[in-house]
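# I would like to see how this sequence folds:
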Amino acid sequence: MPFSSQFRKSTQYNLPYLCQMSRKGKVLVAMSGGIDSTVAALMLHKEGYEVIGITMKTWDYATSVGTTGKKETGCCNLDSFNDARAAAVEHGFPHFILDIREEFGDFVIENFVEEYLAGRTPNPCVMCNTHIKWRALLKRADAMNCEFIATGHYAQVLQHSNGRYFLRKGKDETKDQSYALWGLQQDLLKRTLLPLGNYRKTAIRQMAHDFGYPELAKKNESYEICFVPDNDYRGFLKRKVEGLEEKVAGGSFVDKNGQYLGKHKGYPFYTIGQRKGLDIALGKPVFVTAIVPETNTVVLGEEIDLNRHEMNVGQLNWIKYEGLSDGMEATTKIRYKDIGALSSLHTYEKGLTVRFYEDVKGVAPGQSAVFYEGDDVIGGGIIERTSTFSSL
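So this is what the prediction gives:
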């Protein structure tokens, strides 16, 4: 069954948007050179869309990893650019490389650094999707008279009977990326095509073979932050903030009662829930349960001390509905691989209070909270603070 027909069949609504999709159109496709974005572009091309491929250079490798000697990996390297261009050329549609390093660095990287210095744990992929990648795509799509933009994310865009566009989880829940897209606003969603959303990864790998790219189907996928390809965020912070290591060294580990336990290397180098790499022996497993940047203090506790029953969420973006009724129930995810927890949502002047029906472990300020109604994304926001220990 063709992609567009299968997509239409998968929805419960009679959508004018899908009628637009069925008549085809001109689409700007973000191509990283990996299997997902390449297959997405080729699927749309085969369906009859007028495809233009675009590869975005978001960061400068040399400034990210310093002089570690590691080879360039991930999505933003010359090999990936060449792979994306080769696929476009072979299938007869244009391809461009777009340098957005300045746009990306000014916001995403600076936000990443600032969040760690504030004692929070950022999610740069969410920030990039929300504020940089989609906006950059839409800006260039308008310049090229493209009706749509498309990516290789595993999620679906649908339109509700209330007229609003919203996200639904991808069919392959092991690859679902709706969590990272909660920040997309209506003007972006209504022009977004996500052709992989109704397929499993195994089917996409088979399509890569069928399109004549067996080596692409075997290509390793990167799960690292694109501008920290060695996965060493601590080293990245040290390189970005001159003298950081010296400024924050010698802070205190304390327990939940404030009792001194030992010295640490500096609060920005720890995250909520961390157990390994603490370099402190207390005779039992301990975890980072809180970070206090004002006093360079890191709180350690047992696993039960990670439990939280409530959190405040700000920087909200509502997708499926314009807002919500106070006390609405939703499944709330606090991290990408989280299965979600049943909760009630309560509005207040500065944001939203989320009350979990059962304790949730490892809620980290700075991370995203995404609210689901079944498989549909209601909206999301940034975790600002959590309740005190629920066991106290």
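
# For the stretch 151-300 of the chain, which segments count as strands?
Taking DSSP state E, counting those that start in this stretch as the test, the strands found in the stretch 151-300 of the chain are 155-159, 165-169, 192-193, 251-254, 260-264, 287-292, 297-301.

# now those strands in CSV, with mean pLDDT and distance to residue 140?
No exception for glycine: its C-beta is placed from N, CA and C like everyone else's. Below are the strands of the stretch 151-300 of the chain laid out as CSV (pLDDT from 0 to 100; distance: least, Cβ to Cβ, whole Å):
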stretch, mean pLDDT, distance to residue 140
strand 155-159, 97, 19
strand 165-169, 98, 21
strand 192-193, 98, 14
strand 251-254, 96, 45
strand 260-264, 96, 45
strand 287-292, 96, 39
strand 297-301, 97, 44
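
# so which of those strands comes closest to residue 337?
strand 165-169 (13.3 Å; Cβ to Cβ).

# mind putting the strands of the stretch 151-300 of the chain in JSON lines, distance to residue 95 and mean neighbour count included?
As requested, the strands of the stretch 151-300 of the chain are exported to JSON lines (distance: least, Cβ to Cβ, whole Å; neighbours: other Cβ atoms under 10 Å):
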{"stretch": "strand 155-159", "distance to residue 95": "24", "mean neighbour count": "23"}
{"stretch": "strand 165-169", "distance to residue 95": "27", "mean neighbour count": "23"}
{"stretch": "strand 192-193", "distance to residue 95": "17", "mean neighbour count": "24"}
{"stretch": "strand 251-254", "distance to residue 95": "49", "mean neighbour count": "20"}
{"stretch": "strand 260-264", "distance to residue 95": "48", "mean neighbour count": "15"}
{"stretch": "strand 287-292", "distance to residue 95": "44", "mean neighbour count": "21"}
{"stretch": "strand 297-301", "distance to residue 95": "47", "mean neighbour count": "22"}
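
# which stretches of the stretch 201-350 of the chain form helices?
201-210, 214-217, 233-240, 244-248 (DSSP state H, counting those that start in this stretch).

# hmm, who's touching the last one?
Contact partners of helix 244-248, identified using Cβ atoms under 8 Å, 6 or more residues apart in numbering, comprise 237, 238, 265, 266, 267, 268, 269, 296.

# Distance to residue 106, neighbour count and pLDDT added to those residues, as JSON lines?
Converted to JSON lines, those look like this (distance: Cβ to Cβ, whole Å; neighbours: other Cβ atoms under 10 Å; pLDDT from 0 to 100):
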{"residue": "237", "distance to residue 106": "17", "neighbour count": "20", "pLDDT": "94"}
{"residue": "238", "distance to residue 106": "21", "neighbour count": "18", "pLDDT": "94"}
{"residue": "265", "distance to residue 106": "29", "neighbour count": "17", "pLDDT": "95"}
{"residue": "266", "distance to residue 106": "25", "neighbour count": "20", "pLDDT": "96"}
{"residue": "267", "distance to residue 106": "25", "neighbour count": "22", "pLDDT": "97"}
{"residue": "268", "distance to residue 106": "20", "neighbour count": "26", "pLDDT": "97"}
{"residue": "269", "distance to residue 106": "24", "neighbour count": "21", "pLDDT": "96"}
{"residue": "296", "distance to residue 106": "28", "neighbour count": "18", "pLDDT": "97"}
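
# ok, which pair from those residues is furthest apart?
It's 238 and 296 that sit farthest apart of the contacts of helix 244-248, by Cβ to Cβ, at 15.9 Å.

# Quickly compare the helices of the stretch 201-350 of the chain and say which is most buried.
helix 233-240 (a mean of 18; mean count of other Cβ atoms under 10 Å).

# related to what we said a few turns ago, where among the helices of the stretch 201-350 of the chain is the average confidence lowest?
The minimum mean pLDDT among those belongs to helix 214-217 (a mean of 82).

# Show me what it is packed against.
When contacts are defined as 3 or more Cβ pairs under 8 Å, 6 or more residues apart in numbering; DSSP states H and E, helix 214-217 sits against helix 35-47, helix 201-210.

# For residue 197, which non-adjacent residue is spatially closest?
residue 156 (3.6 Å; Cβ to Cβ, 6 or more residues apart in numbering).

# and the gap between that neighbour and residue 194?
Using Cβ to Cβ, to the nearest Å, residue 156 is found at 6 Å from residue 194.

# Check residue 32 too.
Taken as Cβ to Cβ, the span from residue 32 to residue 194 is 15 Å.

# can you check residue 184 too?
11 Å.

# Using TSV, lay out the strands of the stretch 151-300 of the chain together with distance to residue 332.
What follows is the strands of the stretch 151-300 of the chain, written out as TSV (distance: least, Cβ to Cβ, whole Å):
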stretch	distance to residue 332
strand 155-159	17
strand 165-169	14
strand 192-193	24
strand 251-254	29
strand 260-264	31
strand 287-292	20
strand 297-301	23
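
# To residue 317, which of the ones you listed lies closest?
strand 165-169 (10.8 Å).

# elements contacting that closest one?
strand 155-159, helix 186-189, strand 376-386.

# Just list what the shortest one packs against, helices and strands only.
Other helices and strands packing on helix 186-189, by 3+ Cβ pairs under 8 Å, 6+ apart, are helix 134-143, strand 165-169.

# and residue 137, which of the helices and strands packed on strand 165-169 is closest to it?
helix 186-189 (8.6 Å).

# to the chain's geometric centre, what's the distance from the closest one?
17 Å (Cα atoms, centre = their mean, to the nearest Å).

# what does it contact?
With Cβ under 8 Å, 6+ apart, helix 186-189 has contacts from 134, 135, 138, 149, 157, 164, 165, 166, 167, 319.
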